[in-house]
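Visitor: Sequence and predicted structure below; questions after.
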Amino acid sequence: MGRRLALLIATYDYQDDGLRALTAPAHDAEALAAVLKDADIAGFEVTTLINEPHYRVGEAIGDLYRDRRRDDLTLLYFTGHGLKDDDGRLYLATTNTRRGSLLFTSLPAEQIDQAMSGSMSRQKVLILDCCYSGAFPTGRVAKADTDVHALERFQGRGRTVLTASDATQYSFEGNQPHGTAAQSVFTRHLVAGLQDGSADLDGDGDITLDELYSYVHDRVVDEMPQQRPKKQDNVEGRIVIARNIHWTLPAHLHHALASPIATDRLGALDGLAHLHRIGNNHVRRHVLEEIRRLADDDSRTVSAAAAARLQSLLPPAPAPPPGPVVKPAPTTTPVVEAPARPAGSAPQPTESRPGSGNDFWPHPLIGPSPVQPGHIRNPGQGAREARTRADTGSGVGPAHVSEKTTGPSVPARERAATPRTARSGQVWHWIVRILRIVGAVYLGAIYVAAIIASLGGAGGAVGPWFGFVLIAVGAIAGILFVRWRRRNR
């Protein structure tokens with residue numbers, strides 16, 4: 001956010017006998033400085049110059065516009081005499097100004113315009129509470145002695161110019177031409193609109209420059225119809241001059257919220273939502289408090305509508321930040337070494353089935369899976385190896401399976417299943433032997449019958465063909481038996 005700087009210049013004590021001393025400008029500058037300096041209202045960095053010579057004032061104006069940023073807000077206020085020379089050039093009089101030497105003893109409007117043009121700020125405000133005409137009604141003191149066109153002197157981008165009067169208008173100080181007098185008509189309403197917040201015309205909690213001018217213009221014209229303030233601007237967006245620290249709910253909303261009729265309280269929700277949309281932070285906080293109060297209303301219709309409106313106005317809860325990614329610690333599978341084989345004993349055969357997964361082992365008919373690296377051998381594997389060695393004549397039977405084969409780390413429930421696994425292996429062994437004998441007898445019978453049939457024992461021409469069919473059937477049955485035997489081994 002940019003800085004907010006204000007320079008207030010007031011001149012009422014003149015060395016030139018032809019210029020009238022003004023009593024009000026000093027009070028105008030001090031009152032305006034107090035309200036602009038208030039951090040709760042405007043928060044400007046204020047510099048005040050009262051009855052200073054033109055070179056001091058010119059130096060301060062140069063500092064105001066020098067080295068500014070685009071988002072800085074500058075405000076230059078001047079109250080005093082505005083003088084016009086024979087060529088139509090405008091000058092702002094200071095305490096050392098002489099009417100016969102305006103070029104060297106006053107502030108030419110052209111120099112102020114050049115200083116504003118050289119500033120990077122896009123929010124430049126110029127307020128002139130000056131009088132430029134010597135024609136004035138009886139009992140009124142004018143602040144100038146010639147007619148001028150003040151707005152034409154300060155045209156430019158990013159500027160807003162407010163004047164207490166135009167070329168043919170008047171600005172008066174009161175009924176007394178000498179001594180103390182009331183504050184300037186223009187500045188008095190300017191200060192009042194900022195101080196009490198009455199210039200906040202739309203009730204959004206902020207006082208913009210357009211609102212301030214509209215408020216002051218109406219008050220000045222109502223009090224003194226001869227004076228017509230003017231404004232010209234060439235800015236983008238709106239300029240917020242101050243905050244309304246005395247903001248309260250509009251009267252119609254206050255009455256609706258206090259009404260005992262539920263429909264009146266329900267209708268106030270739309271007005272509260274409008275204020276929340278256009279208001280500043282202070283207004284939004286107050287509006288949310290009122291809607292929360294309506295959410296606890298004794299009318300279910302009002303409370304439900306207020307709860308729904310409150311949910312739509314509140315910002316969504318921010319998503320929790322993602323937590324740190326915790327990588328799992330690398331795990332290592334312990335490798336259980338097989339027990340050492342006694343010297344002189346025969347090596348124990350190990351079954352393996354390439355490509356088979358552990359989900360299918362141990363098979364109920366085939367037996368346990370082969371030993372995998374890092375895993376404990378299945379207790380049924382010992383019985384299997386004992387039976388294999390018995391078939392090969394190694395002299396080691398199932399009764400020799402002991403703790404040396406299974407290892408001491410095998411769970412007790414797995415060791416308890418070892419006798420059952422051994423018995424099922426023995427039953428399967430005898431079934432295979434019986435099938436071998438039956439198959440051999442069957443094949444022999446087929447081949448004998450085939451030979452007899454081929455020799456014509458069956459008679460007729462059918463004999464040879466019948467023999468060949470039996471031979472083929474026997475061959476196919478033998479092949480299927482061999483493949484089935486290998487698959488289930």
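Guide: All right, it came through fine. A quick note: this is a predicted structure, and the numbers were derived from the prediction, not measured. Numbering: from 1, shown residues only.
Visitor: packing partners for the strand or helix carrying residue 55?
Guide: Residue 55 belongs to helix 54-65 when elements are defined using DSSP states H and E. For helix 54-65, the packing partners by 3 or more C-beta pairs under 8 Å, 6 or more residues apart in numbering; DSSP states H and E come out as strand 4-10, strand 45-50, strand 73-84, strand 107-108, helix 109-117. No exception for glycine: its C-beta is placed from N, CA and C like everyone else's.
Visitor: so it versus helix 109-117, what angle?
Guide: Angle of helix 54-65 versus helix 109-117, following axes from the mean of the first three to the mean of the last three C-alpha atoms, to 10 degrees, is 20 degrees.
Visitor: Buried residues in helix 54-65, which are they?
Guide: Using 16 or more other C-beta atoms under 10 Å as the test for burial, helix 54-65 gives 54, 57, 58, 60, 61, 64, 65.
Visitor: ok, so of those, who is nearest residue 88?
Guide: Set against residue 88, the nearest of the buried residues of helix 54-65 by C-beta to C-beta is residue 54 (20.0 Å).
Visitor: What residues does that closest one make contact with?
Guide: Residues in contact with residue 54 (C-beta atoms under 8 Å, 6 or more residues apart in numbering) are 94, 96, 97, 105, 106, 107.
Visitor: Just put these in TSV and tack on distance to residue 469 and pLDDT.
Guide: TSV is the format used below for those (distance: C-beta to C-beta, whole Å; pLDDT from 0 to 100):
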residue	distance to residue 469	pLDDT
94	138	92
96	142	93
97	141	89
105	142	92
106	138	92
107	133	93
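Visitor: Pick out the most distant pair among these.
Guide: Of all pairs in the contacts of residue 54, the most separated under C-beta to C-beta is 96 and 107 at 11.0 Å.
Visitor: Tell me which of the two has more neighbours.
Guide: Between residue 96 and residue 107, residue 107 has the larger neighbour count (other C-beta atoms under 10 Å), namely 23 against 20.
Visitor: Verify the stated contact: the more buried one with residue 58.
Guide: Yes. With contacts counted by C-beta atoms under 8 Å, residue 107 reaches residue 58, the gap being 6.0 Å.
Visitor: Where in the chain is the helix or strand with the lowest mean pLDDT?
Guide: None of the helices or strands of the chain scores lower by mean pLDDT, DSSP states H and E than helix 403-406, at a mean of 43.
Visitor: re earlier: same question for the helix holding residue 55, mean pLDDT?
Guide: For helix 54-65, mean pLDDT is 95.
Visitor: With stretch 253-260 instead?
Guide: For stretch 253-260, the mean pLDDT works out to 92.
Visitor: Pull the contacting residues for the nearest residue to residue 236 once chain neighbours are set aside.
Guide: Take residue 236 and drop its neighbours on the chain: the residue closest to it by C-beta to C-beta, 6 or more residues apart in numbering is residue 122, 7.0 Å away. By C-beta under 8 Å, 6+ apart, the residues touching residue 122 are 70, 71, 157, 158, 235, 236.
Visitor: again, only this time at 7 Å
Guide: Residue 122 sits next to 70, 158, 236 when contact means C-beta atoms under 7 Å, 6 or more residues apart in numbering.
Visitor: got the helices and strands packed on helix 54-65 as CSV, with distance to residue 189 columns?
Guide: CSV is the format used below for these (distance: least, C-beta to C-beta, whole Å):
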stretch, distance to residue 189
strand 4-10, 17
strand 45-50, 20
strand 73-84, 14
strand 107-108, 26
helix 109-117, 24
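Visitor: Quickly compare the ones you listed and say which is most buried.
Guide: Mean neighbour count (mean count of other C-beta atoms under 10 Å) peaks for strand 73-84 among these, with a mean of 25.
Visitor: Which neighbouring elements make contact with that one?
Guide: strand 4-10, helix 24-37, helix 54-65, strand 90-92, strand 123-131 (3 or more C-beta pairs under 7 Å, 6 or more residues apart in numbering; DSSP states H and E).
Visitor: mind listing what it pairs with, with the direction of each?
Guide: Paired neighbours of strand 73-84 in the sheet (DSSP bridges): strand 4-10 (parallel), strand 90-92 (antiparallel), strand 123-131 (parallel).
Visitor: All the strands of the stretch 101-250 of the chain, in order from the start?
Guide: In the stretch 101-250 of the chain, the segments counted as strands under DSSP state E, counting those that start in this stretch are 107-108, 123-131, 159-163, 206-208, 230-234, 240-243.
Visitor: Put together TSV for those, with distance to residue 432 on each row.
Guide: TSV is the format used below for the strands of the stretch 101-250 of the chain (distance: least, C-beta to C-beta, whole Å):
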stretch	distance to residue 432
strand 107-108	123
strand 123-131	102
strand 159-163	109
strand 206-208	99
strand 230-234	108
strand 240-243	100
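Visitor: Packed most tightly, which of those strands would that be?
Guide: Neighbour counts (mean count of other C-beta under 10 Å) averaged over each of these peak at strand 123-131, with a mean of 26.
Visitor: and that strand, average pLDDT?
Guide: The pLDDT scores in strand 123-131 average 89.
Visitor: can you list the residues that contact that strand?
Guide: Defining contact as C-beta under 7 Å, 6+ apart, one finds that strand 123-131 is touched by 28, 73-82, 116, 142-144, 150, 154, 158-165, 170-171, 184, 186-187, 209, 235, 239.
Visitor: one step back: now the helices and strands packed on strand 73-84 as CSV including distance to residue 486?
Guide: Below are these laid out as CSV (distance: least, C-beta to C-beta, whole Å):
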stretch, distance to residue 486
strand 4-10, 97
helix 24-37, 104
helix 54-65, 103
strand 90-92, 117
strand 123-131, 96
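Visitor: is it true that residue 7 touches residue 64?
Guide: Yes. Assessed by C-beta atoms under 7 Å, residue 7 is found in contact with residue 64 at 4.7 Å.
Visitor: Cool, thanks, signing off.
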